[in-house]
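> Kindly return the folded structure for what I paste below:
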Amino acid sequence: MTTSELDGPRLAPAAGGAPKQLVVFLHGYGADGNDLIALGREWAPLLPHAAFVSPHAPEPCGMAPMGRQWFDLSLGDMSIIAAGVKRAAPALDSFLDAELERQGLTAESLALVGFSQGTMMALSVGLTRQARPAAIVGYSGALATMEGLPPPDRDLRSSSYTATWTK
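Next comes the predicted model:
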């Protein structure tokens, strides 16, 4: 998978001008980026300087031909799910790098918001990126694997910056 395989709908900041934050919505199994981008319209009054993007997952969904999937769910076998997350992660990581560069932003301005399978991707990629995002929000998902996470004695809350988002 390459960065060019990930694309989806985008919303510019409601306030106009260059964005100060980037919110990336990651959809669940069988959906696509169009299913979550409407959240950006709802959140825009609270985050008027945020740009929103909702990439389509890289694979067609086996169970919903009109939808997409980050990886095959394969009957809920966690070892297969973990392998799928690991396989899809580089494409999402590259997409995030490219989108941050495109918007002229850094990781301190990034929020990942996942739903279901998108939560698995947000947690896996967000917690293992060199420069971690300011926020990860997950709805109805799980941490698919501990592989690649910082050691348990490291406090994930500590960082060299303070993320503050304002209107």
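
> Let me see the ranges of the strands in the protein.
Using DSSP state E, the strands found in the chain span residues 10-11, 21-26, 50-53, 59-60, 68-69, 110-115, 135-139.

> who's in contact with the fifth one?
Meaning strand 68-69. Residues from elsewhere that reach strand 68-69 (CB atoms under 8 Å, 6 or more residues apart in numbering): 27, 29-33, 56-62, 117. C-beta here means a position set from N, CA and C on the backbone, and glycine is covered the same way.

> In the chain, where is pLDDT below threshold?
1-4, 74-75, 151-167 (pLDDT under 70).

> Just give the closest residue to A64, not the sequence neighbours.
Nearest residue to A64, sequence neighbours excluded (CB to CB, 6 or more residues apart in numbering): G30, at 3.6 Å.

> next one: D93
V125 (5.4 Å).

> Could you double-check that the one you found lies in contact with F95?
No - the pair V125 / F95 is not scored as a contact, 9.4 Å apart, by CB atoms under 8 Å.

> of those two, who's got more company?
V125 (26 against 23; other CB atoms under 10 Å).

> Enumerate every residue touching the more buried one.
Counting by CB under 8 Å, 6+ apart, V125 touches 89, 92-93, 96, 112.

> likewise L127?
136, 148-150, 156.

> hmm, try it at 10 Å
L127 makes contact with 112, 133, 136, 143, 146, 148-150, 156 under the criterion CB atoms under 10 Å, 6 or more residues apart in numbering.

> Need the buried ones from these selected in ChimeraX.
Buried residues within the contacts of L127, by 16 or more other CB atoms under 10 Å, are selected in ChimeraX with:
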select :112,133,136
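
> Let's have the contacts of L127 in a markdown table, adding distance to I80.
Output for the contacts of L127, formatted as a markdown table (distance: CB to CB, whole Å):
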| residue | distance to I80 |
| --- | --- |
| L112 | 23 |
| P133 | 26 |
| I136 | 23 |
| L143 | 16 |
| M146 | 16 |
| G148 | 17 |
| L149 | 19 |
| P150 | 25 |
| L156 | 26 |
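
> any shared contact partners between V125 and F95?
Contact criterion CB under 10 Å, 6+ apart; residues shared by V125 and F95: V24.

> Can you give me the buried ones in stretch 16-28?
Judged by neighbour count using 16+ other CB under 10 Å, the buried positions of stretch 16-28 are 19-28.

> I'd like the distance between S109 and G62.
Taking CB to CB, to the nearest Å as the measure, S109 falls 35 Å from G62.

> I'd say V53 and H27 touch.
No - counting by CB atoms under 10 Å, V53 does not reach H27; the two are 11.7 Å apart.
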